[in-house]
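In: let me see the structure of the following:
(chains A and B)
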Amino acid sequence: MSEFMIDLRGSLGILANPDVMSYLLKGLLFTLGISVIAIFFSLIIGAVLALVRNYCAHGPARALRRIASIYIELFRNTPLMLWMFVCFVMCPAPSFSKGFASLLGFTSTVAVKTLFKATVALTLFTSAIMAEIIRGGLNSVHKGQFEAAYSQGFGTLQTMTLIVLPQAFRNIIPTMLSQMITTIKDSSYMASLVTVELMGCTKLIISKANTYNGTWVDRFNRGTINVTDVFVLFGFAFIVYFAINFTLSCVVRMMRARKRA
Amino acid sequence: METIFSAKAWATVWQYRATFLNGLINTLQSAVVGLVIAMVIGFAIGLMATSGRRGLQAVARVYVEFFQNTPLILQVCFLYYALAYSGVRITVVVVGFIALGLYHGAYVGEVGRAGIQAIPAGQFAAARSQGFGYAQTMRYVILPQTVKIILPPMVNQVVALIKNTSCLYIIGGADLIATTYNFVTGASTGGAYGPAYLVGGLLFFLVCYPLSMMAGRWERRLKARDQMQKGGEQA
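Out: Down below sits the predicted model:
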C-alpha cells in the first residue's frame, strides 16, 4: 500500500471515530442554532429599523430615522469580524451558571460568555442587512394598500401590523431564506473567538489530528498531522455546509420561479 | 468603552498610527489583487454560463454553487492548511489573494451571467444576422450593453470583497481588522479598545461607504430609467 493510501486510511479513521463525529455534529447543531437565533432576533430588530427608516419622516421622529439610517449604513459598511472583536471586549454578558455551561457542553462559563457575545455580534450585524431586506419588502407594497386601510378607519399601527407587514413579509420570504444561507456561512466567523460551531470544531480536530489518525505511538513519538487529514476533515465540513446551503438555495430558487409563474 | 474618553488611549493610537495605516494598505492590497483575480474568473464563469453549451454551463454552475454555499473562512483555512501540510511554502498574503479571488469570482460570475441574460435575445440574433461571430457579438454588441446593468452589483461586490479581507485574520493575516485586534491585545500597546476600534472601523467605513452610496445611486437611476421606458411603452 502506498504511503498516501495509508495516510488517507488514517484520516478517514478520524471521521469513523465516534467521539470525533459526535463532536463535529455537536458543532453543526451549534452552527444551526446560532444561525436561527441570530436570524430570529435580527428579524425583530431589522423590522423596527426598517419601519423607522421608512416612515419616521416628519417632526421630531426624524431624529429616530437618522439613527436607524446610521445604524444600517454603519454595519453594512464594516466587516463582521470587527463587530466580533468589538463585542468580545465591550459587550456586556450575563454571568451564566456552571450548570447552564455544562448543559451546553462547556467546561467553563467563560466560553459561554464568549459564545453569547459572538452571537450578539452576529445578530447586530445581520439586523442591518435584514432591515434593508424588509425595507425592500415594505417598498414593494402598493401605496393604495395604505390608503385603502386608512379609508377603512384603520390606525397607523393596525395598517402596519394587519395590512402592510404581512404583505411585505410574504414578498421577501425568498430573500430572507437566502440571508439564512449567508448567516450560516457568517457564523463561521465565530471560530476566531471561540471553538463551538462547525468551523471552529473542525479546526480544533485538525490541530489534534495526530492523536486520532493512527500515527501516535507514545508521548515521545506523537505522530504527525498529514495533508490527508486536512482534506478529509475540511472536506467533511465543506460537504455539510454545502448540503445545508445548497438545499436552502434550491428552495429559494423554486419559490422565485413559482412567484414569476 | 470608557477608553474612548481617555486621552492616554488616544495618544497610544496616535503614536502607533503607522500600524493602522499599514493594516489599511494590506487590506486594500488584498482587495485589489483579489478583485483582479475575481474579475478574470467571473468573466470566464459568466461567459460559460451563458454559452448555451451543456458542459460549460455545468462547470460554471458547479463552481458557483460550491463557492457560494460554503463559508469563505473555511475556504481560506482549507487552502492555507492544505498548502502548508503539502510542504508548499506560501505566504498568508498570497493565500488571501487566491481565496478572495476564487470566492468572489463565483459572485462576479453570477453578476455577469445576470447582466448578459438581461440583454434581449433579439440582440444576439441581430448580431448573428450581420455576420458577427461569438467573440465579435460579445465584444461589440452584448458586453457594452451589460456594463451599465452590472455596474451597481459589481460595486457592491467590491465592498463585500474589501470587508471579507478581514477573514484573513483566521490564518494570521495582517489586514486592518487583524492589525486593530493585535493592537488592542498587544503586550505593549494593549488596552486602548475604544479609540482603536473606532479608528479601525472608521477607516473601513470611509473606504466602503462612498462605494455603497455610489452603487445605490446608480441602481436607483437605472430603475427610474427602466420605469420611464416602461411608462412610455404603455402610453
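In: tell me which helix or strand of chain B sits lowest on mean pLDDT?
Out: Lowest on mean pLDDT, DSSP states H and E among the helices and strands of chain B sits helix B:7-15, with a mean of 81.
In: so residue A:86 sits against residue A:121, correct?
Out: Yes - counting by C-beta atoms under 8 Å, residue A:86 sits close enough to residue A:121 to count as a contact (7.2 Å). The C-beta positions use only the backbone N, C-alpha and C, and glycine is treated the same way.
In: buried set for the least confident helix or strand of chain B?
Out: Under the neighbour-count criterion of 16 or more other C-beta atoms under 10 Å in any protein chain shown, helix B:7-15 has B:9, B:10, B:12, B:13 buried.
In: please apply the same query to stretch B:49-63.
Out: Here stretch B:49-63 shows B:49, B:50, B:56, B:60, B:63 as buried, counting by 16+ other C-beta under 10 Å.
In: same check on stretch A:59-68?
Out: A:65, A:68.
In: distance between it and the chain's centre?
Out: On the basis of C-alpha atoms, centre = their mean, to the nearest Å, stretch A:59-68 sits 29 Å off its chain's mean C-alpha point.
In: what does that stretch rub up against?
Out: A:48, A:49, A:50, A:52, A:53, A:56, A:57, A:131 (C-beta atoms under 8 Å, 6 or more residues apart in numbering or on different chains).
In: residues contacting the first one?
Out: Contacts here follow C-beta under 8 Å, 6+ apart; on that basis residue A:48 touches residue A:68.
In: now do the fifth one
Out: Shown here is residue A:53, whose contacts under the criterion C-beta under 8 Å, 6+ apart are A:65, A:68, A:69, A:72, A:131, A:135.
In: contact residues of chain B facing chain A?
Out: Applying C-beta under 8 Å from any C-beta of the partner chain, one finds that chain B approaches chain A through B:1, B:65-66, B:68-74, B:77-78, B:81-82, B:85-86, B:159, B:163-167, B:169-170, B:177, B:180-181, B:184, B:193, B:197, B:200-201, B:204-205, B:208-209, B:212.
In: returning to what we had before: quick check: ChimeraX command selecting the buried ones in the contacts of stretch A:59-68.
Out: Per 16+ other C-beta under 10 Å, the buried members of those correspond to this ChimeraX selection:
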select /A:49,50,52,53,56,131
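In: now the contacts of stretch A:59-68 as JSON lines including distance to residue A:190?
Out: Listed next are those as JSON lines, based on distance: C-beta to C-beta, whole Å:
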{"residue": "A:48", "distance to residue A:190": "25"}
{"residue": "A:49", "distance to residue A:190": "23"}
{"residue": "A:50", "distance to residue A:190": "26"}
{"residue": "A:52", "distance to residue A:190": "29"}
{"residue": "A:53", "distance to residue A:190": "28"}
{"residue": "A:56", "distance to residue A:190": "34"}
{"residue": "A:57", "distance to residue A:190": "38"}
{"residue": "A:131", "distance to residue A:190": "22"}
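In: tell me the residues of chain A that contact chain B?
Out: So chain A meets chain B at A:73-74, A:76-82, A:85-86, A:89-90, A:181, A:184-186, A:188-189, A:191-192, A:199, A:202-203, A:206, A:225-227, A:229-231, A:234, A:237-238, A:241-242, A:245-246, A:249 (C-beta under 8 Å from any C-beta).
In: so where do the helices sit in the chain?
Out: Chain wasn't specified; assuming chain A. A:3-16, A:18-55, A:61-76, A:80-90, A:98-103, A:109-140, A:143-151, A:156-158, A:165-186, A:198-207, A:209-212, A:227-260 (DSSP state H).
In: you answered for a different chain; I wanted chain B.
Out: B:7-15, B:17-49, B:54-68, B:72-85, B:92-117, B:121-129, B:134-136, B:143-164, B:176-185, B:193-234.
In: how much space separates residue B:175 from residue B:77?
Out: To residue B:77, residue B:175 is 15 Å away according to C-beta to C-beta, to the nearest Å.
In: give the contact list for residue 38.
Out: You didn't pick a chain, so chain A it is. A:119, A:122, A:123, A:126, A:183, A:187.
In: hm, I was asking about chain B
Out: B:100, B:101, B:102, B:103, B:104, B:105, B:107, B:108, B:157, B:161.
In: so which of those residues is the closest to residue B:228?
Out: Of all the contacts of residue B:38, residue B:228 sits closest to residue B:157, with 27.1 Å by C-beta to C-beta.
In: the closest one reaches residue B:111, doesn't it?
Out: Yes - in this structure, residue B:157 is within contact of residue B:111 by C-beta under 8 Å, at 6.4 Å.
In: where in the chain is pLDDT low?
Out: In the absence of a named chain, chain A is used. A:1 (pLDDT under 70).
In: you looked at the wrong chain, it should be chain B
Out: B:1-2, B:190, B:230-235.
In: report the central residue of it.
Out: residue B:161 (2.8 Å; C-alpha atoms, centre = their mean).
In: wouldn't that residue be in contact with residue B:35 here?
Out: Yes - counting by C-beta under 8 Å, residue B:161 touches residue B:35, with 5.8 Å between them.
In: identify the contacts common to those two.
Out: Contacts common to residue B:161 and residue B:35, judged by C-beta under 8 Å, 6+ apart, are residue B:104.
In: just to revisit the earlier point, which of the residues of chain A next to chain B count as buried?
Out: Here, 16+ other C-beta under 10 Å leaves A:73, A:76-82, A:85-86, A:89, A:181, A:184-186, A:188-189, A:191-192, A:199, A:202-203, A:206, A:225-227, A:229-231, A:234, A:237-238, A:241-242, A:245-246, A:249 buried among the residues of chain A next to chain B.
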